[in-house]
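Enquirer: Everything below, folded, please.
(chains A and B)
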Amino acid sequence: MSVGFWTSLLSGMILAGLPLLFASLGETISEQSGVLNIGLEGMMLVGAYAGFVAALYSHSPWVGIIAGIAGGMIMSAIMAVFCVRLGLDQIVVGIAILLVGEGLTSLLHGAQFGTSYPRLEGMMHIKIPLLSEIPVVGSSIFSQPLIFWIGIGMVLLVRWVLRSTNWGLNIRAAGEKPAALDAAGVDVTWTRTAAVLCTGALAGIGGAYMAIVGSGIFVPFMTNGLGFIAIVITMLARGRAWWALGGSFLFGICLQIGTSLQVAGINIPNDVIFMLPFLVVMVVLVIFARQAYLPASLCIPYKRGLK
Amino acid sequence: MSDSVNGEITAGAAEIPRETLEAATIPIKVAPRSKYKTGLAQVSRAILAIIVALIVGGIIILLLGRNPLLFYADIFRAGVLHNGWQDSVTRMAVLLLMGMGYVVAFRGGIWNIGGDGQFLLSAALIAGAGPALLSAIPMGWALIILSLIGIVVGGSWTVLPAYLRASYGLNEIVTSVMMSFIGVYLANILIKGLFRSEETTVPQTDVMPFDKLLPKIPGTIIPVSIFVALAAVLGMHYVMTRTSVGLRLTVMGANARAAMHAGLKVKRLIMGGFFASGAFIGLGAAMEILGVWGYMRADWNPKFGLTLFALVFLARLNALAVIPLTGFFAVLTIGGHTASRNAELPNDFMLLLMGLVLLFMTLAELISIGKAGRRALGRRIVQALRFGREP
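Expert: You can find the predicted model right below:
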């Protein structure tokens, strides 16, 4: 295996793993607060589309990322109103959001760009002096776009919020025993609403990253199951942000390894490459099936006075 | 309950004042809302959800700069008028069978979301094995064996998620979706590799001889697969409403723990219900390939899976109610294809529309809180449709 192979594997791992990281961090917050967000992929797609359009017209990736956050949050606001406020079933509404996200972005893209598929200019990379001179690691890990470092910072932030702040405690209480949180005088509905909106924002960043930094192009259905893989990572990470990071980059390798092997001159059919991450997910789930954990009150809407 | 209690009180209490007796009987007396009225309310809510979704979908089309009235008119023209209705009825066969796959799963509280993988993998194996089998043995036997292949493949693709759910309580939504993606790509690998026809440049399977496919209803282009589907619907309705298997599934769907305490073999029910779900979807694939196409292209994915999800919920998991809804949906998919092409839009309007239908359906159910219609639909589904858990 050549240097080229390892470089492309490492940088590809980060490229492919980052959207997973953002999405699974978002899903972590949501699941910890007791809301299972099956529509994650729909939020990512809307974030990707909004981010792509904004970046295309403003020529600024940051405007795009912010638009992606807004797009994801709008979709998650639907989830917040339907599932948290009105107490409707999270799975049904989640699938509705997935379908709306897929259909809406595909229609918008088709109507706006037809078959032209415009491309964004290469987005900025930040090279850390000295460190980026190291052979394999330097040109892969230490010359990533700034958003990579934002992702790492987000892991720390989510970990800190969930573990060490009052608000994080509220979120976890809302997921484990909402009645207790309510008795303590904290509004469960607002706690969950805020958590769901954070999820939308993070999923939106993940989607916008895919379109703006990852590929520089929006393609309908471009998330292609990543949202569901992020849910699996979250289930296995059990609310621990560092595990979400590890899991995301692990699956990032799975997503990337086929391309890297092609770089190294080994030819594998595309379908096998696409299938690989899902196969790995199933193998991991079979091995760690007992370890997967979901909060006690996940998927159960909270309504004061109802048992 | 009320009859026996009333009987006892009135029989053994001659000297109790009449008013006391009446007062005692009042709380027991519950006026049952007529089944007919409840059904009517449910139907009107379903129709309301569809209409609102169509309106909102139309507004979105308008915002995209297309004429929604023209769009819907195109759907109607291509899906119903001239010979469009024959295409729609043909499409209904596969939709009904897949719908039955969802009915049996959701009744048991099993979220089989991976229908697309089960469908495509079955279709690929049928299309791959079909040409050789049809030329080797008599047509009737070949068609039966191919259908069985579909049933077995579709069913066995659910075994792993079912086992993980039954043994470890692992959420089957995620596992069935993962298996679905694996199935979709595996189907492509098979068609581009093992089953690839040497006669075409586009990767696809060999084409089965047209006269050896499922026969058509005389005078139409509709294959007899629609009768298979209707028989499956009637059978499903019978099993769900009149047999102990159906009751056991419904009880498990209502409350898995209670089912376990009642002595039901929950593990076996989950495995069986999941398998039956995949089997119906595989049979649907068989009817689509053997009745309509006769071959399968690589990367073909009609994405019936998640869109049908909305319809089955709209039908409140009632097998018979799925029939008119799939009829409507078949017209939408057949006509939507033409309408999208005419409007120069991608053919994904159905995804959006079905997502909207799901959203508005849950809202419509919300409006009717506290009214009748509290049928034994299953705990998770009751939850789906009204506030919180039952008080």
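Enquirer: continuing past the worst-scoring helix or strand of chain A on mean pLDDT, what's the next helix or strand?
Expert: In chain A, the helix or strand scored least confidently by mean pLDDT, DSSP states H and E is helix A:135-140, which has a mean of 60. For helix A:135-140, the succeeding helix or strand toward the C-terminus, using DSSP states H and E, is helix A:146-164.
Enquirer: May I see the buried residues of that following helix?
Expert: By 16 or more other C-beta atoms under 10 Å in any protein chain shown, the buried positions in helix A:146-164 come out as A:I147, A:F148, A:G151, A:M154, A:V155, A:V158, A:R159, A:V161, A:L162. To be clear about C-beta, it is placed using only N, CA and C from the backbone, and glycine gets the same treatment.
Enquirer: Which residues of the stretch 151-300 of chain B lie near chain A?
Expert: B:160, B:164, B:167-168, B:170-171, B:173-175, B:177-179, B:181-182, B:185-186, B:188-189, B:192-193 (C-beta under 8 Å from any C-beta of the partner chain).
Enquirer: Can you select the buried ones among the residues you listed for me in ChimeraX?
Expert: Restricted to buried positions by 16+ other C-beta under 10 Å, the ChimeraX selection for these reads:
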select /B:160,164,170,171,173,174,175,177,178,179,181,182,185,186,188,189,192
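Enquirer: I'd like the list of the residues of the stretch 151-300 of chain B next to chain A that fall within helices, please.
Expert: Among those, the members falling in helices (DSSP state H) are B:160, B:164, B:167-168, B:173-175, B:177-179, B:181-182, B:185-186, B:188-189, B:192.
Enquirer: who's in contact with B:A124?
Expert: Taking C-beta atoms under 8 Å, 6 or more residues apart in numbering or on different chains, we find B:A124 in contact with B:L186, B:A187, B:N188, B:L190, B:I191, B:F195, B:T205, B:M296.
Enquirer: what does B:L214 give?
Expert: Counting by C-beta under 8 Å, 6+ apart, the residues that B:L214 touches are B:L143, B:P223, B:V224, B:S225, B:M287, B:L290, B:G291.
Enquirer: Show me what the mean pLDDT comes to for stretch A:285-296.
Expert: Average pLDDT, stretch A:285-296: 74.
Enquirer: Distance from the chain centre to that stretch, please.
Expert: 20 Å (C-alpha atoms, centre = their mean, to the nearest Å).
Enquirer: One more: stretch A:179-197?
Expert: Relative to its parent chain, stretch A:179-197 has a centroid offset of 23 Å by C-alpha atoms, centre = their mean.
Enquirer: Pull out the buried residues from that stretch.
Expert: Result for stretch A:179-197 [16+ other C-beta under 10 Å]: buried residues A:L181, A:D182, A:V186, A:V188, A:T189, A:T191, A:R192, A:T193, A:A194, A:A195, A:V196, A:L197.
Enquirer: Next, give me the two most distant ones among these.
Expert: A:D182 and A:L197 (19.9 Å; C-beta to C-beta).
Enquirer: Buried subset of the contacts of B:L214 as a PyMOL selection?
Expert: Here is the PyMOL command that selects the buried residues among those (16+ other C-beta under 10 Å):
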select buried, chain B and resi 143+223+225+287+290+291
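Enquirer: which one among the contacts of B:L214 gets closest to A:G26?
Expert: B:M287 (40.8 Å).
Enquirer: Chain A versus that closest one, what's the distance?
Expert: 25 Å (C-beta to the nearest C-beta, to the nearest Å).
Enquirer: Leaving out sequence neighbours, find the closest residue to the residue in the stretch 151-300 of chain A that chain B sits nearest to.
Expert: With C-beta to the nearest C-beta, the shortest gap between the stretch 151-300 of chain A and chain B falls at A:M275, namely 3.7 Å. Excluding its sequence neighbours, the residue lying closest to A:M275 (C-beta to C-beta, 6 or more residues apart in numbering or on different chains) is B:Y185, at 3.7 Å.
Enquirer: what residue ranges in the stretch 101-250 of chain B score low on pLDDT?
Expert: For the stretch 101-250 of chain B, no stretch is flagged by pLDDT under 70.
Enquirer: How much space separates the residue of it at minimum distance from chain A from A:P269?
Expert: Of all residues in the stretch 101-250 of chain B, the one sitting closest to chain A is B:Y185 (3.7 Å; C-beta to the nearest C-beta). Here the criterion is C-beta to C-beta, to the nearest Å. By it, B:Y185 lies 9 Å from A:P269.
Enquirer: And A:A180, by the same measure?
Expert: 53 Å.
Enquirer: now A:V161
Expert: For A:V161, the distance to A:P269 - C-beta to C-beta - is 43 Å.
Enquirer: Equivalent analysis for B:L190, please.
Expert: 11 Å.
Enquirer: Ok, B:A132 next?
Expert: Taking C-beta to C-beta, one finds B:A132 at 23 Å from A:P269.
Enquirer: same deal with A:S60?
Expert: On the measure of C-beta to C-beta, A:S60 and A:P269 end up 38 Å apart.
Enquirer: part of a helix, is the residue of the stretch 151-300 of chain A closest to chain B?
Expert: Yes: membership of A:M275 in a helix is supported by DSSP: H, G, I helix; E, B strand; the rest coil.
Enquirer: If you tally nearby residues, what's the number for it?
Expert: As a burial measure, A:M275 scores 20 neighbours (other C-beta atoms under 10 Å in any protein chain shown).
Enquirer: Do stretch B:353-373 and chain A come into contact?
Expert: Yes: using C-beta under 8 Å from any C-beta, we find that stretch B:353-373 touches chain A at B:L353, B:M354, B:G355, B:L356, B:L358, B:L359, B:T362, B:L363, B:E365, B:L366.
Enquirer: Which residue lies closest in space to residue 65, excluding its sequence neighbours?
Expert: Here I'm looking at chain A. Nearest in space to A:I65, with sequence neighbours left out and distances taken as C-beta to C-beta, 6+ apart, is A:A208 at 5.0 Å.
Enquirer: My question was about chain B, not that one.
Expert: A:A111 (6.6 Å).
Enquirer: cool, A:V186 as well?
Expert: A:N170 (5.3 Å).
Enquirer: same check, this time on B:V251
Expert: Closest to B:V251 by C-beta to C-beta, 6+ apart is B:A259, at 4.9 Å.
Enquirer: List the buried residues of the strand or helix carrying the one you found.
Expert: Using DSSP H and E, B:A259 maps to helix B:256-261. For helix B:256-261, the neighbour count (16+ other C-beta under 10 Å) marks B:A256, B:A259 as buried.
Enquirer: Packing partners of it?
Expert: On a contact count with 3 or more C-beta pairs under 8 Å, 6 or more residues apart in numbering or on different chains; DSSP states H and E, helix B:256-261 meets helix B:244-254, helix B:266-288.
Enquirer: ok, now with 10 Å
Expert: Judged by 3 or more C-beta pairs under 10 Å, 6 or more residues apart in numbering or on different chains; DSSP states H and E, the packing partners of helix B:256-261 are helix B:244-254, helix B:266-288, helix B:379-385.
Enquirer: what sits against B:L356?
Expert: A:96, A:99-100, A:103-104, B:49-50, B:52-57, B:60, B:310 (C-beta atoms under 10 Å, 6 or more residues apart in numbering or on different chains).
Enquirer: In terms of pLDDT, where does the residue nearest the centre of chain B sit?
Expert: Against the mean C-alpha coordinate of chain B, by C-alpha atoms, centre = their mean, the closest residue is B:G99 at 2.0 Å. pLDDT, B:G99: 93.
Enquirer: can you tell me how far it sits from B:A162?
Expert: Applying C-beta to C-beta to B:G99 and B:A162 gives a distance of 20 Å.
Enquirer: ditto for A:A195
Expert: Taken as C-beta to C-beta, the span from A:A195 to B:A162 is 31 Å.
Enquirer: Let's verify A:S24: helix, strand, or coil?
Expert: helix.
Enquirer: what sits against it?
Expert: A:17, A:31, A:40, A:202-203, A:206, A:226-227, A:229-237, A:241, A:243-245, A:247-248, A:251.
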